[in-house]
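[1] Make a model of this:
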Amino acid sequence: MHHLQHIAELAPLLERIGTRHIIIAPGSRNAPLIQLFTSNKNFSCQSIVDERSAGYVALGMARELEQPVVLLTTSGTAVLNLSPAVAEAFHQQIPLLVLTADRPREIITQFNNQVTDQRAPYFNHSKGFYEIPAQLRDKESLEGSIHSVEKLFQEAVREPFGPVHLNLPLTEPLYEPLPGPILSPGSFAGAEEAPEPESVLHTAGELEGRRILILAGMGKKDKVLENTLEELLRGRQAAVVAENISNLSSDLFVSTPELVLAGASDEELKELAPELLIAFGQQVVSKRLKLFLQSLQDMDVMEVQEGPALAEKLKALCAREQAENHFLETWKKIEKRELSHAAAYLQQAGFGNLTALARILRHIPAQTVVHLGNSTTIRMSQLVKARADLLYFSNRGISGIDGCLSSAVGAAMVSDQLHLLILGDLSFVYDSNGLWNKDFPENLKIVVLNDGGGGIFRLLEGPDRMEFFEEFSVTGHPVSLELLSGAFGRRYARASKMEELDQVISSLCTPGNSLSVLELDTTGSDNSRIFKELFSS
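    Prediction:
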């Protein structure tokens, strides 16, 4: 049997689970796999040299498509460089199929280069691992291994989705034509449904008169779920808190809990306190909301697993009788008041990160997909009412700055919509290899909030009292964002006042405009004062 026969058998498995996109980090040991995918017209292949960036590009693609995407590397440090993206995908429940080429185990390991133990680099952040033996001597052993691979891929697309890792020790020669597949198609026809956990929801009668707060974490757009939540609010003493990255929108939902809780009086905080918290979805950003909920001693908590049955479970809680929802009225009254105060303050606060970001989020075209960088950017975005005609995404799984640019690149590469990435200068520089892409998507526009370092540390209480603050927390840098953008062939513009921003933002978002990077230079602005005054005012 051909020594690369097992490689030929992978393509049919991937096609059957709906995989079409392959992100390839170039190398030698993975040459047979590169040949497999690039020679098959059913796969679309992109080459991304920087493996750390490649991992996040694949993540952004899979999140945008809601389909599994293959991430392929050679051996050695290339495998380790994928770790941040794999961990983020695990926490965001995104189906990445990580294929890593490897060298077979040798008697004397010092004779080989580019070698590390690749059997468990993502042990805590993947849904499964399998290694195909380097030597498969007969058809029976081949069938056993491919069946194990099939089950591994199936696990990636079983709810909750997530990354899986297939390691492939390959023997030489690597550069020769692959054989065709010899195994007949298996019975795999899509992901098996995971057994539905027993419902932990209260009966409708038990909720009578209780104040219920429904907390929607990070997630995707779901009109059925939105309608169900609205129906629930019409018959219960309930409120829905749905931050922008929940992508659940309604005039009845509260999207700015940070403003609400910062502006509420002690007496109002008592009125906002729920007796029952129903939580679903992924991460929540607002720190004030987390601290508020953690402070409530007598609150019952119910976590509900996302999935097709979520709307049905919540629908069972809807009351038949229409009732006045005083609890929701309290939340919405305070939110309306605090949004009005915030808008009035930002109108006269002067040019800075927060005021510029608020202006952009209010005026970008409908149906834009907004990608928000971590640290200050995502926090500031939630001080503006979420728009129902936008989609919001952010790498809040473990909230690193390392792949903000690359994941937005990946999403835009498989979309026809306008994608707008807003991130800080350190995030942009750190992930600047996300621009290193011969197929860079022209529908992605990047706004960099450049305050000359890690501005988040100027907003936190405490770091500025330390002697190491400027050098080791804020970490100012000498990088020219214009030269950096130009090095990758990206057209650049700069604005340092609101009038310049207003002039360029509409052209940035105009279809066909070749402008890619807009730097908002706020190094001369008192960003920390503007942010803190918003709350103190």
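[2] Surely V98 is within a helix?
    No: using DSSP: H, G, I helix; E, B strand; the rest coil, the secondary structure at V98 is strand, not a helix.
[3] Hmm, V164 and it touching each other?
    Yes: using C-beta atoms under 8 Å, V98 is in contact with V164, at 6.9 Å. Where C-beta positions appear, they are placed from N, C-alpha and C, glycine not excepted.
[4] shared neighbours, those two?
    Counting by C-beta atoms under 8 Å, 6 or more residues apart in numbering, the shared contacts of V98 and V164 are S126.
[5] Okay, now the unreliable bits of the stretch 1-150 of the chain?
    Along the stretch 1-150 of the chain, segments meeting pLDDT under 70 span 106-112.
[6] so where do the strands sit in it?
    With strands called from DSSP state E, counting those that start in this stretch, the stretch 1-150 of the chain shows them at 21-24, 44-47, 69-73, 96-102, 129-131.
[7] so can I have a markdown table of those showing mean neighbour count and distance to F440?
    Putting those into a markdown table (neighbours: other C-beta atoms under 10 Å; distance: least, C-beta to C-beta, whole Å) gives the following:
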| stretch | mean neighbour count | distance to F440 |
| --- | --- | --- |
| strand 21-24 | 24 | 14 |
| strand 44-47 | 16 | 10 |
| strand 69-73 | 28 | 18 |
| strand 96-102 | 27 | 21 |
| strand 129-131 | 17 | 33 |
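[8] Show me the contact partners of stretch 255-270.
    Stretch 255-270 is contacted from outside by 241-244, 249, 254, 272, 285-289, 292, 330-331, 334-335, 337-339, 341-342, 379, 382-386, 535, using C-beta under 8 Å, 6+ apart.
[9] For the closest residue in space to D389 that isn't next to it in sequence, pull up the helix or strand it's in.
    Spatial nearest neighbour of D389, excluding adjacent residues (C-beta to C-beta, 6 or more residues apart in numbering): A366 at 3.9 Å. For A366, there is no enclosing helix or strand under DSSP states H and E.
[10] same check, this time on Y345
    Per DSSP H and E, Y345 falls inside helix 326-348.
[11] Check which residues of the next helix or strand after that helix are buried.
    Proceeding N to C from helix 326-348, the next assigned helix or strand is helix 353-363, under DSSP H and E. Buried residues in helix 353-363, counted by 16 or more other C-beta atoms under 10 Å: N353, L354, T355, A356, L357, A358, R359, I360, L361.
[12] Equivalent analysis for stretch 322-340, please.
    Going by neighbour count (16+ other C-beta under 10 Å), the buried part of stretch 322-340 is N325, F327, L328, T330, W331, K332, I334, E335, E338, L339.
[13] send the alpha carbons of it over as PDB?
    C-alpha atoms of stretch 322-340 as PDB (Å, rounded to 0.1, in the frame of the first residue of the first chain):
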ATOM      1  CA  GLN A 322     -50.500  40.400  29.200                       C
ATOM      2  CA  ALA A 323     -49.000  42.200  32.200                       C
ATOM      3  CA  GLU A 324     -47.300  45.500  33.000                       C
ATOM      4  CA  ASN A 325     -43.600  44.900  33.100                       C
ATOM      5  CA  HIS A 326     -42.400  47.300  35.800                       C
ATOM      6  CA  PHE A 327     -39.000  45.600  36.100                       C
ATOM      7  CA  LEU A 328     -38.300  46.200  32.400                       C
ATOM      8  CA  GLU A 329     -39.600  49.800  32.700                       C
ATOM      9  CA  THR A 330     -37.100  50.500  35.400                       C
ATOM     10  CA  TRP A 331     -34.200  49.200  33.400                       C
ATOM     11  CA  LYS A 332     -35.200  51.000  30.200                       C
ATOM     12  CA  LYS A 333     -36.000  54.300  32.000                       C
ATOM     13  CA  ILE A 334     -32.500  54.400  33.500                       C
ATOM     14  CA  GLU A 335     -30.900  53.300  30.200                       C
ATOM     15  CA  LYS A 336     -32.700  56.100  28.300                       C
ATOM     16  CA  ARG A 337     -31.600  58.700  30.900                       C
ATOM     17  CA  GLU A 338     -28.000  57.500  30.900                       C
ATOM     18  CA  LEU A 339     -27.700  57.300  27.100                       C
ATOM     19  CA  SER A 340     -29.000  60.800  26.900                       C
END
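[14] partner residues bridging Y130?
    Y130 has these beta-bridge partners by DSSP bridges: L166.
[15] wait, it sits on L152?
    Yes: judged on C-beta under 8 Å, Y130 makes contact with L152 at a distance of 4.8 Å.
[16] In contact with L152, which residues?
    Per C-beta under 8 Å, 6+ apart, neighbours of L152: G128, F129, Y130, V164, L166.
[17] picking up where we left off before, which one of the buried residues of helix 353-363 sits closest to L515?
    Using C-beta to C-beta, the shortest approach to L515 within those belongs to I360, at 14.3 Å.
[18] residues contacting the closest one?
    I360 neighbours (C-beta under 8 Å, 6+ apart): L420, I422, V447, L501, I505.
[19] Find the pair from those residues with maximum spatial separation.
    Using C-beta to C-beta, these span at most 13.6 Å, a distance reached by L420 and L501.
[20] who's more crowded, those two?
    Between L420 and L501, counted using other C-beta atoms under 10 Å, L420 has the larger neighbour count: 26 against 20.
[21] Could you list the low-pLDDT ranges of the chain?
    The chain contains residues with pLDDT under 70 at 106-112, 185-205, 453-475, 537.
[22] separation between the residue nearest the centre of it and I278?
    Taking C-alpha atoms, centre = their mean, the centroid of the chain lies closest to N395, which sits 3.5 Å from it. For N395, the distance to I278 equals 26 Å [C-beta to C-beta, to the nearest Å].
[23] ok, now L420?
    Separation of L420 from I278 (C-beta to C-beta): 32 Å.
[24] go on, S265?
    26 Å.
[25] Check S394 too.
    Noted for S394: a distance of 23 Å to I278, by C-beta to C-beta.
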